[in-house]
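Engineer: starting from these lines, generate the structure:
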Amino acid sequence: MPLLDLIDSPANPAPEGGVVARVRAADGLPIRVARWHPEGRARGTIVVVQGRAEYIEKYFETIGELLQRGFCVVSFDWRGQGLSGREIAHPRKGHIDDFLVYERDLEAIVDQTLTPFCPRPWFGLAHSMGASVLIHQAHGGRSPFERLVLLAPLIDIRGLRFPRAARLLADILDVLGLGGAFVPGGGGTSLQTRPFKGNRLTRDPVRYKRNGDVIVACPQIALGDPTIGWVGAAFRLIDEFEDPEYPRRVLTPILMFAAGADRVVSTPRIERFGHRLKAGAVIVLEQSEHEILSERDAIRDRFWAAFDAFIPGSRDEAEKLAAAHGSAN
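Structural biologist: Coordinates of the predicted model:
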């Protein structure tokens, strides 16, 4: 499958008018990016930022909904996943050693796609791993976005029985030169192609099958389990998030969503982090699994109602939110 193709089907049609291109990251790795423009004058641009192991096609429905709201939309595959380039030869590993690499790839998207082609204001809509990247970028004062909408951000991993031991094991194996190996017990099978029953992603069987069918049509788009190096990088970022002052230093306005039934990331940690934001709020969607935008209509309707109240917003509203939060503390 060529890098620049979009994989669509009657059950998952690509929104019309998409322009697909190749962006070169700082190290020369090709990043697949697509952009759409709405009819009439755009209200701004939404950048859809994926979680781990995702791909542009998974967001066709969401992209269409954003276009209907009058926004330009940009979506891209992170390095190591979708139809973007890989750092290592095994196509199912999605390996990186440091999440800062993702930030540099996002900078390439800004320089080569947003700046020349997409109207301001710019907003970020990010899921899971992608949300954690945008938080870290905003914390460092590097965010190109006016506002962020973050779904089930990777603030911490749920269900680790011995988190300190897991961190230590990842560090040891990485030092031994095994950073590019799958995590112990892991392999190349995609979660998205496993049976719906017992899946940890969504309670919507139709959207679950739709997402999996993309992988059936284009197997090279899929990822398996993470590598030891990826997990080590994730742990290092999670450790930064543990600082109680960390969210208070994030000044970009944020609307954060947590999934009440999440079995991938920690909902209590997301709530705690979100409540400490100076210019932010957190909403828990009680019946949702990890992938909120692949959930049932009732959950997605709640998401969109909150989204529409927050985006595009205004600078005055952001300043009032930050001032109110400061006076409350």
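
Engineer: quick one, strands of the protein?
Structural biologist: Assigned by DSSP state E, the chain shows strands spanning 19-24, 30-36, 45-49, 72-76, 122-127, 147-151, 254-259, 280-285.

Engineer: the third one pairs with which strands?
Structural biologist: Strand 45-49 pairs in its sheet with strand 72-76 (parallel), strand 122-127 (parallel), by DSSP bridges.

Engineer: what residues does it touch?
Structural biologist: For strand 45-49, contacts defined as Cβ atoms under 8 Å, 6 or more residues apart in numbering pick out 59, 62-63, 66, 71-75, 106, 109, 114, 118-127, 130-131, 133-134, 145, 311. Bear in mind the C-beta positions are built from the backbone N, C-alpha and C, glycine included.

Engineer: now that strand: average pLDDT?
Structural biologist: Strand 45-49 comes out with an average pLDDT of 98.

Engineer: got the contact list for the closest residue in space to His127 that isn't next to it in sequence?
Structural biologist: Excluding its sequence neighbours, the residue lying closest to His127 (Cβ to Cβ, 6 or more residues apart in numbering) is Gly51, at 4.2 Å. Applying Cβ under 8 Å, 6+ apart, one finds that Gly51 lies in contact with Ala126, His127, Ser128, Met129, Gly130, Ala131, Ala152, Leu154, Glu291.

Engineer: how does it look with 6 Å?
Structural biologist: His127, Ser128, Met129, Gly130 (Cβ atoms under 6 Å, 6 or more residues apart in numbering).

Engineer: top of those residues by neighbour count?
Structural biologist: His127 (28 neighbours; other Cβ atoms under 10 Å).

Engineer: for that residue, give the beta-bridge partners.
Structural biologist: Leu151.

Engineer: tell me how far it lies from Glu291.
Structural biologist: 7 Å (Cβ to Cβ, to the nearest Å).

Engineer: same thing with His95?
Structural biologist: Distance from His95 to Glu291, by Cβ to Cβ: 23 Å.

Engineer: next one: Arg203
Structural biologist: Distance of Arg203 to Glu291, computed by Cβ to Cβ: 10 Å.

Engineer: and Ser190, by the same measure?
Structural biologist: 14 Å.

Engineer: now swap in Asp301 and tell me
Structural biologist: 16 Å.

Engineer: per-residue confidence at Ala138?
Structural biologist: Note for Ala138: predicted pLDDT of 98.

Engineer: ok, now Leu169?
Structural biologist: For Leu169, the predicted pLDDT is 88.

Engineer: burial of it, as a residue count?
Structural biologist: Using other Cβ under 10 Å, the number of residues around Leu169 comes to 16.

Engineer: can you count the residues close to the closest residue in space to it that isn't next to it in sequence?
Structural biologist: Distances taken as Cβ to Cβ, 6+ apart put Pro184 closest to Leu169, at 7.8 Å, once the chain neighbours are dropped. Per other Cβ under 10 Å, the neighbour tally for Pro184 reads 12.

Engineer: that'll do, ta.
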